[in-house]
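Q: Following is a predicted model, sequence given first.
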Amino acid sequence: MGINRAALIVGASRGLGLALAQEFLQRGWNVVGTVRQGKPGKLHDLAKSCPGRLEIEYLDITSPEQIEDCKERLRGRTFDLLFVNAGVTNPRYETIGEVSTDAFVRVMVTNALSTMRVVEQLADNVRPKGTIGVMSSGQGSVANNETGEFEVYRASKAALNMLMRSFAARRANDRTLLLIAPGWVQTDMGGPEAKFTIEEVVPRIVDTIIAQEGKKGLHYLDRFGKPIRW
């Protein structure tokens, strides 16, 4: 059970992030979930059903200033888990020769640079022997890329994986570091043709996160906890 345990989930307004927040709450954890500024949404509705156990922070991870502000607001707070879920994609069949510079920058900045900025800034809010995880993708595997497609998205997740590996080498400590590949999921980003539902995937992700507790170092895993080739 998650009695007195706390998770900070960055990018929890919808899709996998929202479902992760809900799953951890159901398992007895306390949760801080982040959303971008805007009108109240599903995370706010969830907070109403879990009074005192779900807090909402406002954060656009592409804004370094907002990351700094969030860090300041959370100063002194300690979490068992920091998980960064936010991300974007580009059209499936758009090649590197076709993508616009603006679209390329948007995907790379959001999925790799901004995600790692959050990890760098909020890592010290994770307790010793706690867990820091990010939502990667099996498409970030260089070794497993045998079909192409989603070229820029793949590149952004491969970059994220490499940056997390550098973080692990530079910040050697006793925390568990996770790159989680959820599979192709029916979300706004994954689309209706995706193979798996959120309900199928998220409990397995949470099982894997919890099972990896105390296993220090960086692990690139699918939702079942199976290692993925780099």
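A: Perfect, I can see it now. Predicted, not measured: the structure shown is a model, and the values here were computed from it. Numbering: from 1, shown residues only.
Q: what comes up buried for whichever helix in the chain runs longest?
A: In the chain, with assignment by DSSP state H, the single longest helix is helix 151-170. By neighbour count on 16 or more other CB atoms under 10 Å, the buried set for helix 151-170 is 151-161, 163-164, 167-168. Every C-beta, even on glycine, is put in place using the N, C-alpha and C of the backbone.
Q: How about the contacts made by residue 123?
A: Contact analysis of residue 123 by CB atoms under 8 Å, 6 or more residues apart in numbering lists 82, 132, 171, 175.
Q: Which of those are buried? Put it as a ChimeraX command.
A: A single ChimeraX command selects the buried members of those (16+ other CB under 10 Å):
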select :82,132,175
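Q: From the contacts of residue 123, which land in helices?
A: Going by DSSP H, the helices hold none of these.
Q: Show me which of the contacts of residue 123 has the smallest pLDDT value.
A: pLDDT is lowest at residue 171 among the contacts of residue 123; the value there is 85.
Q: for the chain, what spans make up the strands?
A: For the chain, the strands defined by DSSP state E occupy 6-10, 30-35, 54-58, 79-84, 126-135, 176-181, 217-222.
Q: which one of those lies closest to residue 68?
A: Closest of the strands of the chain to residue 68 is strand 54-58, at 13.0 Å (criterion: CB to CB).
Q: quick one: the closest one to strand 30-35, angle?
A: Strand 54-58 and strand 30-35 are oriented at 30 degrees to each other (axes from the mean of the first three to the mean of the last three CA atoms, to 10 degrees).
Q: Packing partners of strand 54-58?
A: strand 30-35, helix 42-49, helix 64-73 (3 or more CB pairs under 8 Å, 6 or more residues apart in numbering; DSSP states H and E).
Q: which of those is buried the deepest?
A: Burial of the helices and strands packed on strand 54-58 is given as mean neighbour count (mean count of other CB atoms under 10 Å); strand 30-35 ranks first at a mean of 24.
Q: Tell me the helices and strands packed up against that strand.
A: strand 6-10, helix 15-26, strand 54-58.
Q: how about 10 Å then?
A: strand 6-10, helix 15-26, helix 42-49, strand 54-58, helix 64-73, strand 79-84 (3 or more CB pairs under 10 Å, 6 or more residues apart in numbering; DSSP states H and E).
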